[in-house]
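A.B. asks: need a structure here:
(chains A, B, C and D)
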Amino acid sequence: MFYRDSGLIKTTYKADRAIFPVDQDRWAIVALVGLAFLVPAVASEYWLSSILIPFFIFSVAAIGLNILVGYAGLLSLGTGGFMAVGAFAAYNFAIRIPELNIIVVLILAGLVSAGVGIIFGLPSLRIKGFYLAVATLASQFFIEWLFVRVPWFTNYSTSGVISAPAVQIFGYDMSGAAQRYLIVLAMTVAVAVTAKNMVRSAIGRSWMAIRDMDVAAEIIGVRPLRTKLVAFAVSSFYCGLAGAMWVFFYIGTVEPQAFDLNRSFQILFMVIIGGLGTIVGCFFGAAFVILLPILLDNLFALLGTGGHADLLSHAQMAIYGALIIILLIKEPHGMAKMWQIFRQRMRIWPFPY
Amino acid sequence: MPTPFFVLEVALSGLLAGLLYSLVALGFVLIYKASGVFNFAQGALVLLAALVFVRATEIFDAMGPATVGFWAALLATMAVMVLVAAAIERFLLRPLVNQPPITLFMATIGLTFLIEGISQMIWGSRVYTLDLGIPDEPWIIHGLYIGKIDLFAAAVAIAMVIALAVFFQFTRIGRALRAVSDDHQAALSIGIPLNFIWVVVWSLAGMAALFAGLVWGAKLGVQFSISVVALKALPVLILGGFTSIPGVIVGGILIGVSEKLAEVFVGPVVGGAIESWFAYVLALAVLLVRPQGLFGEKIIERV
Amino acid sequence: MPAVTEEARLPDLSVRGAASDARAAPRDQATGSESDDTFPKVLLRRAKGHASDPAVREKEFGIWQSYSWSEVAEEAELLACGLASLGLERGDRVALLGANRPQFYWATYAIQSVGAIPVPIYQDSIAEEAVHILDHSGASFVLAEDQEQIDKVLSVRDHLPRLSGLIFKDPRGLRSYAEPGLRSMEEVRALGIAKRAADPSFFARAVAEGSGGDVAIICYTSGTTGKPKGVVLTFDNLIATASTMAAFEGLTGSDSVLAYLPMAWIGDHFFSYAQSALVGFPVNCPESGATLMTDLREVGPTYFFAPPRIFESILTDVTIRMENAGWIKRRLFAFFMAVARSTGVRLLEGRPVSAGQRLLYGIGRLVVYAPLLNTLGLRRLRVAYTAGEALGPEIFDFYRSLGVNLKQVYGQTESSVYVCVHANDDVRSDTVGRPAPGVEVRFSEQGELLYRSPGVFKEYYRTEDATGDAKDEGGWVRSGDAGIVTDDGHIKIIDRAKDVGRLLSGSLFAPKYIENKLKFFPSIKEAVAFGDGRQNVCAFINIELEAVGNWAERRGISFTSYADLAGRMEVYDLVSGQIEEANRSLARELQLAGAQIHRFLILPKELDADDGELTRTRKVRRRVIAERYGALIEAMYGDDDSVDFETRATFEDGRVGIVRAHVPIRQARTFAPEPVR
Amino acid sequence: MTPASAAAHAAPATGTILKLDDVSLSFGGIKAVQGVTFDIRPSEIRAIIGPNGAGKSSVLNIINGFYRPQRGTITFKGRARSYMSPYEAARGGVARTFQNIALFKGMTTLDNILSGRLLKVRSSVFEQALQVGRAVREELDQRQHVERILDFLEIEHIRKTPVGQLPYGLQKRVELGRALAMEPDLLLLDEPMAGMNLEEKEDMCRFILDVREEFGAAIALIEHDIGVVMDLSDRIAVLEYGRLIADGAPEQVRNDPAVIAAYLGAKR
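C.D. replies: Modelled structure (predicted):
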């Protein structure tokens, strides 16, 4: 209904392979991102710190996981572990080399995580499907154990819960909610753009080739191990980045429990609900997973059932599970597919889809 | 230096614990074999079965003598598990037929949340005791301590495997099940509807969950954390191969024994609590040598 | 038949176009110079003035490959040089055989540059048709699109002694051909590069040599009878008409067209070549016939021509697709389409509309019209033409109510497209508008439309007698169509001139016009009117089984067969009402008021192509029908109110049998002439 | 113009691009290929025929590295070796299609064919992520190349359709497109016309001939339709039970008594 795309013709391949080939989509997304940067002017501290910042951090982690699962077809249950690596790496870089710029710290943390990802990705050459999924659990549990048991990582802190150092960029204090929000948003945009660029380029096609039919991928010259390892590295880089952002811009403390198996599943949910093999779906999935509990909380509060915190959290769990099943049945390709169908409907409006 | 006797004792306790893992893993294998679904909700089923059993025992105990109460509760719980299986088939498997395995896998994670959420809504988060009437005192044979309950668990696990083997080998439905695991099309030609087969398989998995729940519940008390035990079954699963019932037993024993040994002899050196990952790393190491697990079917790629 | 010169003395029926002097019409500034009297000269000027503006685009390899005016000029120069070095000389004919491709437009410039004459041929013609044109035009070269077209020409090459060169655009599958004179456009271009290197000013000299009186193109028209005739048009013809009409429609360089109609048709040459060059708007060539609708949507042309069947099929497509929509959407659509019907045409024509309706229409445009037109690719249309057969008024109004400026054009190859056209604020679905600027129109005694304009063709190529038949010394051309003028000066085309007769009263009798009026009713499938040389008009009616059957069922009228249904009095009542309505509308037309239907009957069998009563394209065969149903005709002109009748019929299953029936004859009400407008 | 006359036009160049020398392969006890020696010349259309299970596909699988023969040498472009890995084969210019279409079902036609050019990619993952330097240029060049293939195979209209949604015949064409995108010197076609109707078969024959003409690749194909094989190929190798029983021009093979007995005869 909103599209007026007739007459906008593509005269170059560059225009044709743009991320948003329809002009109106492009303007809409530019406007949306622009607005996102203006949000701190209106949003409350609660919204920034408890909803938007985790939303973006989760989106980054989901993008990381989606590259592995959705694009390369390598099912992983170890996302939490890679986030933990990023978190601890960032923490250690920050306290051991305090003069490092926070952006550098984040990137270094991502790189360390990528390295760990490559190590745990090595078995993927031989191990496939659910065998691989279970194998990634090894990394999850091992990493969790490592950070709990080896005191060097926590800088010999006795409590096991340690605060992240204050964040500064070029001497400016970045600890306010608005500042933290802006930097997380900027990182998220960078991650989304680079991820999208990869999946629409040669490397993305290699991943999908391996995913769809590894035998055929080999005969066109795709080297399986290298391709899979790159997927692990890129995925872990993003997950590590998300973990580092988690520590510096969201919670402010470093604790291995924040990156346990449940975290891995939570991110996997985002990817599945959002849509495997899509970047935009990661945002939908993250929003769904974050907003649903808040929504349910408010709903219960409205119904006047507040007070039974225990019952509430269990009911939430059950509803959550049921919704996941319903979503999977209604649209196995996730919310991204729904979005795509909606857009297609709008493009051919008033004709039926 | 540890004495050989001590090693043996540790290994034996590992073996018995391993058989318990096997019991949970058995449920996974049944479902995976018959429907290709990686059922993450097996742990939740264990929890559910245990909780239902506890509740049923309470009800029947109030009505009559304890022994009768036990068997009545067992039967009632079995019935509930069959109902749950039927519901899963109707509301989860049927609408998701022909979807890729990962979607079904995710759905079973959703199912886990659903079952755990509902169970705890009904029963709360407190710990229930489950008494099977087996005294919690070990036998001591030549100085070896063997928990009676562990022994009971081992017996149940082995009995269950034998029963299943007989079932698969000698009954019509069992043969149909095997056919299904090979080829859905072929199964259809046998004349048993796929939906029915799924209900049977999930019911069987429910039974396995029930026995596992009984044993674990008796050992640790019935509480939320027994659903986490299911995670322990996963390395057993990949070690034994997703599709092999004997593999489950062997895998369980291997995992149990080596885990206990590692915990006792390696753990202290590296900081302890390696139980959390040792089984996985072991399984991973085996996978690198045999990607299909010890007993899994070799996947031959044809072009 | 009286000579054309005599008819020239009938000034009372003569109508003159608004801007009668074509030379006075404003031209686009870039080409305003008087020296631009050939298209190659126009091209060269444009390549200097608007070098980087897009001249032509083609959907190829997934994107719209775009070529600027300077690129087109370069390609035209190289092809011209190449052709010249192959021996092409002034006055030679070059046939073009292929779909709308940029290369063929370039080739047209190239051929004209060296003074040769392009002869486009319909790409779907079979070899025998093509051979006639190739032979008759004496083409020395053929430019063909691909292997398919080359094969076609090669299969008849033995009959074409003058054909010396075959040039193809797409080398696919042709690499192993070893025919003499066969080469690719690429090779010709390479020859051109060599020639230009040797003689750098060749092209400029050749172009300068041309002048407005030279022949620009020969278009072969199929004609209803006989072999196709080659209509010779000069640069003066085309440039005068094209620039006048461009000014009339206010075309600018920001307009765009979709070149999808055959290049051999004068319309494509006119819109996609002549006007594009003169005005400077880009021409867009679709990827293929299969992707036409997608390409239309992508291009979103502002200037569009389509035969009625395309407008009809788009509307049908819209209707069918909307039927599958959910009921909310259907209701919404129906509501706003009703708004559009009541308001849209008035708004388009700038007539007064209340603020409330204006608002509703505005919402409708936002929610339905604009998205609908966008999806169809018609959103950006400023000028849309249709011509040829009559377009039903409801279809015509559908587009206009959505805000599409759809207009009728009447014209011929011989007139350089235009004779009559609707002006923007003066559109009526039942006319073809007034004479186009610079065109004079009058009517012969037989009602045949005659015209004279700067666009009138030079001659029929190598067919002097035909030229003499069609065109007199005064420059008046016989259109072959019969027309009438309405009171407000609009012109209506009523039939082929040869089919038009007179009643005994002297009143004009145009059977097809009457029949078409009847056929607009959904319950009437076919109609055959009689009246030439008779007292009054009588007609056979064929009912549309499905529509009338449904109608009958709704009224509880049972029937056993087609013949049974056709004979029912209720059906006669239904048809009678419709005939009265047709008569009423005929009564409003001065020249045709005398030809109202007096008596009619409903045929007990469907007219059928299998029985030779219709042509395969469902045109009525009057002679066959007059013979076979002679008794019925006589009965209509008699006094009886029924007649017994039997005839042979081919049934659905192919059996042949005899249909016997008792056929009632009805009197229809007629009306006194009452001119309305 | 019949296929046969076209085949006669383009005379195959001399020399060999690939030679199998006394190659044997067995799985467990089953001898799939036994001492087969045969060669393929540049730009020729080379058919391999034989009854089901004769080892035809195994020969293709050896050439492009899926199977490692137990004995014999493979000489490709003058280099002899005992085994050529799929990667080496792809690098060296061997492309192929499969009997049961092996496309990437989740990707569009365009992406499938683009994936055939992955070996030509020089830009790093980093450049691709940032869309700087070679990455953009390369991507556009590849697109241009692939668009010519789409045009050549007349599948422009399904450019952005996921291949999983395409009918069988079109999928076969897309698979051929992916192979062509590799700019192969040797193209292996495993039953390119299996399961096609007459019209689709004719199209495919035309494409195969045009491929040779336009791309100059040598083509080795397995095909059951003998009529097609006789029309299309320059030379035919006949396998039976893993052994080569005849090899030569279509005429020669047609009249070979061993072939008639073993294959053509058995078919009737």
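
A.B. asks: Now do the longest helix seen in chain B: distance to the chain's middle.
C.D. replies: In chain B, taking DSSP state H as the definition, the longest helix is helix B:4-35. Relative to the chain's own centre, helix B:4-35 is displaced by 9 Å; criterion: CA atoms, centre = their mean, to the nearest Å.

A.B. asks: Quickly check: the following helix or strand past that helix near chain A or not.
C.D. replies: For helix B:4-35, the following helix or strand on the C-terminal side (DSSP states H and E) is helix B:42-63. No: Helix B:42-63 does not reach chain A (CB under 8 Å from any CB of the partner chain); its nearest approach is 9.2 Å. All C-beta atoms are positioned from the backbone trio N, CA, C, and that covers glycine.

A.B. asks: nearest residue to the residue of the stretch 51-200 of chain D at minimum distance from chain C other than its sequence neighbours?
C.D. replies: Nearest to chain C in the stretch 51-200 of chain D, going by CB to the nearest CB, is residue D:147, at a distance of 3.5 Å. Nearest non-adjacent residue to residue D:147, counting by CB to CB, 6 or more residues apart in numbering or on different chains: residue C:61, 3.5 Å away.

A.B. asks: Is it correct that that neighbour is in contact with residue D:151?
C.D. replies: Yes: here residue C:61 reaches residue D:151: they are 6.0 Å apart, a contact under CB atoms under 8 Å.

A.B. asks: Tell me which residue in the stretch 401-550 of chain C sits closest to chain A.
C.D. replies: For the stretch 401-550 of chain C, CB to the nearest CB, closest residue to chain A: residue C:402, 11.8 Å.

A.B. asks: Chain neighbours aside, what residue packs nearest to residue D:173?
C.D. replies: Excluding its sequence neighbours, the residue lying closest to residue D:173 (CB to CB, 6+ apart) is residue D:153, at 5.1 Å.

A.B. asks: where's the one you found relative to residue D:120, distance?
C.D. replies: Look at residue D:153 and residue D:120: by CB to CB, to the nearest Å, they are 19 Å apart.

A.B. asks: If you count surrounding residues, which of these two has more?
C.D. replies: Remark: of residue D:153 and residue D:120, residue D:153 carries more neighbours, 21 against 15, as counted by other CB atoms under 10 Å in any protein chain shown.

A.B. asks: pLDDT score for the more buried one?
C.D. replies: With respect to pLDDT, residue D:153 has a value of 90.

A.B. asks: right, and it touches residue D:171 too?
C.D. replies: No: with contact defined as CB under 8 Å, residue D:153 does not count as touching residue D:171 (11.8 Å).

A.B. asks: Show me what from the stretch 51-200 of chain C comes close to chain D.
C.D. replies: So the stretch 51-200 of chain C meets chain D at C:60, C:61, C:62, C:151, C:172, C:173, C:175, C:176 (CB under 8 Å from any CB).

A.B. asks: Residue C:345 and residue C:398 touch, don't they?
C.D. replies: No: Residue C:345 is not in contact with residue C:398 according to CB under 8 Å; the separation is 10.0 Å.

A.B. asks: Would you mind measuring from residue A:215 to chain B?
C.D. replies: Applying CB to the nearest CB, to the nearest Å, the value for residue A:215 to chain B is 5 Å.

A.B. asks: circling back to that earlier point, out of the residues of the stretch 51-200 of chain C next to chain D, list just those in helices.
C.D. replies: Using DSSP H, those in helices are residue C:151.
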